[in-house]
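Engineer: Sharing a sequence plus its predicted fold:
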Amino acid sequence: MPVGTQATVKGLTPDELGALGTQILLCNTYHLYLRPGVSIVEEAGGLHRFMRWSGPILTDSGGFQVLSLTPLRKVTDEGVIFRSHLDGSEHFFTPEKVVDLQERLGPDIAMVLDECPPYPASREEIEKAVKRTSAWAERSRKAWRRKEVTFFGIVQGGVYRDLREKSAEELVALDFPGYAIGGLSVGEPKELTYAVLDWVVPLLPPDKPRYLMGVGTPEDILEGVARGIDMFDCVLPTRLGRHATAFTRRGRINIRRAAYARDFGPLEEGCQCYTCRHYTRAYLHHLFRAEEMLGPRLLTLHNLHFLFRLMERIREAIASGTFHHLYETWLQERGG
Ligand SMILES: CCCSCc1cc(N)cc2c(=O)[nH]c(N)nc12
Ligand SMILES: [Zn+2]
C-alpha cells in the first residue's frame with residue numbers, strides 16, 4: 001500500500017498509480033486534520049473525490065504520527081494532547097474524535113487511535129500502552145457509526161510476548177473486521193520483529209486481514225508473508241525513489257553515483273515498468289544530478305512497480321504451493 005500521507009503519493013497522478021496496479025492508498029488523519037482540515041475534504045465529498053482516486057483508501061489514525069512528529073505532547077487515558085508540527089497550535093485527540101474525523105474523511109479502511117511507544121521502552125511503559133490501546137479500541141468500536149468505513153484494531157505490546165498476547169486477545173474479543181500489528185518497524189532488531197509476528201499472528205482470526213504497519217523492504221515483505229501477513233504499507237519505495245535509490249533484484253542502487261553516468265542499460269534488466277522500458281541509467285543519473293523533477297517521479301514508478309511485482313509473484317507462488325521456494329531463492333540471491 002503506497003503511502004500518500006497528505007492525500008497524494010508524492011509526484012504521481014492517480015492514473016499512474018492505477019496503471020501500476022495500486023490496490024490501496026494510505027492517507028493520514030493527523031496530517032489532513034491539520035492541513036487542509038477535515039471540513040474541506042468533507043465539503044469536497046470525501047477523500048476519494050478530493051484526490052480523484054476511486055480505488056480503496058486506508059487512513060492511519062494519527063496516534064503514531066502524533067508520537068513521532070510532535071515533541072510537545074501528553075498521553076492520558078482520555079486521549080492525546082499535542083501541538084501541531086506546522087504552527088504549534090494545541091490539539092486534543094480522543095478515540096471518539098478520531099473515529100469521527102475518519103468517518104468524515106471517508107476512507108474504506110480506518111485505523112483506531114492507538115498508543116505506539118518508542119523502541120526501546122520499559123515493560124511498564126509497554127504495559128500502560130497496551131492497557132490504553134485496548135481501552136481506546138473499545139471506545140472506538142462503540143463510537144463507530146458509519147459502516148461504509150471499516151475500522152481495524154491495532155495490536156501493541158512492544159517486544160514482550162505476554163503483553164503482545166494480552167493485546168491480541170483483548171483486540172480479538174472486540175471483533176474488528178481486520179487487525180493491524182503496530183509497534184513494530186520502530187527501530188527494533190529484525191529478529192524481534194519476526195518473533196513478534198510468530199507470537200501474534202496465530203492469535204488473530206484466520207479469516208480476517210492482517211496488516212503489518214510500517215513494513216517494509218522486499219525481504220521484510222517475504223518474511224511477513226511467510227508469517228501470515230496480508231497487507232503492508234511503507235514509505236520506502238516512494239521516499240527512496242525521491243532520493244535517487246532504486247530497488248533491484250541484487251539490492252539497492254543509488255543512481256547518482258558516477259558509475260552510472262555512461263551506463264546505457266535499464267535500471268533493472270527485464271523490469272517491465274515504464275521507467276525501465278523507456279530510459280537508461282545514464283539518463284536517470286543525469287536527471288538527479290540536474291535536480292530535474294522527472295528523476296524522482298521515474299524512480300518512484302520503478303520502485304512501486306518492483307514491490308507490486310514482488311507481491312504478484314508471491315500471490316502466484318502461494319496459489320501454486322511454491323511460496324517457500326520463492327522465499328528461499330529470493331533471500332539467497334540477496335544474501336538475506
Ligand atoms: C501512513 C503511515 C501508516 S503506518 C504508521 C505506523 C507505522 C508503524 N511502524 C507503527 C504504527 C503503529 O504502531 N500504530 C499506528 N497507528 N501507525 C503506525
Ligand atoms: Zn523498472
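Structural biologist: Looks like it arrived, so ask away. Numbering: from 1, shown residues only. Ligands and ions are numbered 1, 2, ... in the order given.

Engineer: Nearest residue to residue 183 in space, please, no chain neighbours.
Structural biologist: Beyond its immediate neighbours in the sequence, the residue positioned closest to residue 183 (Cβ to Cβ, 6 or more residues apart in numbering) is residue 156, lying 4.6 Å away. Just so you know, the C-beta spots here come from the backbone N, C-alpha and C atoms, and that holds for glycine as well.

Engineer: The one you found is in contact with residue 167, isn't it?
Structural biologist: Yes - the pair residue 156 and residue 167 qualifies as a contact (Cβ atoms under 8 Å) at a distance of 5.1 Å.

Engineer: How is the protein divided into domains?
Structural biologist: 14-234, 239-333 (automatic domain parsing).

Engineer: Among the ones you listed, show me which one is buried the most.
Structural biologist: Highest mean neighbour count of those: domain 14-234, a mean of 19 (counted as mean count of other Cβ atoms under 10 Å).

Engineer: That one and ligand 2, are they touching?
Structural biologist: No - in this structure, domain 14-234 remains apart from ligand 2 according to Cβ under 5 Å from the ion; the gap is never smaller than 10.7 Å.

Engineer: where's the closest residue to ligand 1 within the stretch 51-200 of the chain relative to residue 32, distance?
Structural biologist: Using Cβ to the nearest ligand atom, the point where the stretch 51-200 of the chain gets nearest to ligand 1 is residue 182, with a distance of 2.5 Å. When Cβ to Cβ, to the nearest Å is applied, the distance between residue 182 and residue 32 equals 20 Å.

Engineer: And the helices in the stretch 1-150 of the chain, which stretches?
Structural biologist: The residue ranges that make up the helices of the stretch 1-150 of the chain, judged by DSSP state H, counting those that start in this stretch, are 14-20, 29-34, 38-43, 47-51, 63-69, 95-105, 123-143.

Engineer: For stretch 29-45, which outside residues touch it?
Structural biologist: Taking Cβ atoms under 8 Å, 6 or more residues apart in numbering as the criterion, the residues outside stretch 29-45 that touch it are 5-7, 47, 50, 59-62, 65-66, 69, 84-86, 91, 98, 101-102, 104-106, 110.

Engineer: any idea which of the helices of the stretch 1-150 of the chain scores lowest on pLDDT?
Structural biologist: If the helices of the stretch 1-150 of the chain are sorted by mean pLDDT, helix 63-69 sits at the bottom with a mean of 84.

Engineer: Would that one count as contacting ligand 1?
Structural biologist: Yes - applying Cβ under 6 Å from any ligand atom, one finds helix 63-69 in contact with ligand 1 at 63-64.

Engineer: CA atoms only for that helix - export them in CSV, please.
Structural biologist: Backbone C-alpha positions of helix 63-69 (Å, rounded to 0.1, in the frame of the first residue of the first chain) are rendered in CSV as follows:
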residue,chain,number,x,y,z
GLY,A,63,-1.5,8.2,17.1
PHE,A,64,1.8,7.2,15.6
GLN,A,65,2.3,10.5,13.8
VAL,A,66,1.5,12.5,17.0
LEU,A,67,4.0,10.5,19.0
SER,A,68,6.7,10.6,16.3
LEU,A,69,6.2,14.1,14.7
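
Engineer: Which elements pack onto it?
Structural biologist: Counting contacts by 3 or more Cβ pairs under 8 Å, 6 or more residues apart in numbering; DSSP states H and E, the secondary-structure elements packed against helix 63-69 are helix 29-34, strand 73-75, strand 80-83.
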